[in-house]
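Asker: give me a 3D structure for the following:
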Amino acid sequence: MILDKFENYTIYQELHKGFRKAFHFISENDLSTIELGKHVIDGENVFAIVMEYETQRISDCKAESHKKYIDIQYMVDGEENIGFKTLQNEIPTTSYNSEGDFMFYSLPKLPLTPLKTAHFAIFFPDDIHQTMVQINNPKSLRKVVFKILK
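Answerer: Here you go, the predicted structure:
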């Protein structure tokens with residue numbers, strides 16, 4: 001997992017050919033007003049999902065991992081806690097959903113760190129991550145999740 005301020009994105013854009021496209025999308029669009037939903041950037045290789053939701057209690061949030069896609073999660077407005085750990089020998093509580101590219105886990109007490117406005121997190125396929133976790137109280141946020149084919 002990588003967590004950083006957007007102003008430092010150039011450090012990471014060469015790690016994967018799709019990262020430059022995702023960071024360019026952030027730079028070139030008004031993400032505070034862009035339409036919610038899926039935005040195709042490079043077919044199924046790179047696309048963005050713009051979402052708004054209210055953060056929740058940690059007990060209501062699921063931990064997940066992916067096999068096909070890397071996530072770049074960019075916080076447009078708001079903040080949430082994210083739980084994370086490197087996938088080791090954890091056993092998913094659901095079968096792998098190949099259409100949605102996810103598996104869920106029941107993992108209590110993952111380490112938490114805040115994802116704040118104008119910051120991003122990169123989750124690789126071997127990163128279990130738990131998002132939507134409230135900081136103190138439920139709050140609304142706007143976030144873009146980029147899916148980048150590994």
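
Asker: what's the pLDDT at the most far-flung residue of the chain relative to its centre?
Answerer: Distance from the C-alpha centroid of the chain, by C-alpha atoms, centre = their mean, peaks at Asn89 (22.0 Å). Looking at Asn89, its pLDDT reads 90.

Asker: could you give the number of residues near Asp127?
Answerer: 19 (other C-beta atoms under 10 Å). Yep, even glycine has a C-beta here, placed from its N, CA and C like the rest.

Asker: distance check, the closest residue to it other than its chain neighbours against Asp42.
Answerer: What sits nearest to Asp127 in space, not counting adjacent residues and going by C-beta to C-beta, 6 or more residues apart in numbering, is Met1, at 4.8 Å. Noted for Met1: a distance of 23 Å to Asp42, by C-beta to C-beta, to the nearest Å.

Asker: show me where the protein has strands.
Answerer: 2-5, 37-42, 46-54, 63-65, 69-77, 79-86, 103-105, 112-116, 119-123, 127-133, 140-149 (DSSP state E).

Asker: which residues touch the first one?
Answerer: Right, strand 2-5. 11-12, 113, 115, 118-122 (C-beta atoms under 8 Å, 6 or more residues apart in numbering).

Asker: make JSON lines out of these and add neighbour count.
Answerer: What follows is those, written out as JSON lines (neighbours: other C-beta atoms under 10 Å):
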{"residue": "Ile11", "neighbour count": "10"}
{"residue": "Tyr12", "neighbour count": "17"}
{"residue": "Thr113", "neighbour count": "13"}
{"residue": "Leu115", "neighbour count": "21"}
{"residue": "Ala118", "neighbour count": "12"}
{"residue": "His119", "neighbour count": "17"}
{"residue": "Phe120", "neighbour count": "24"}
{"residue": "Ala121", "neighbour count": "21"}
{"residue": "Ile122", "neighbour count": "22"}
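
Asker: end-to-end on stretch 34-53?
Answerer: Terminal residues of stretch 34-53 are spaced 15 Å apart (C-alpha to C-alpha, to the nearest Å).
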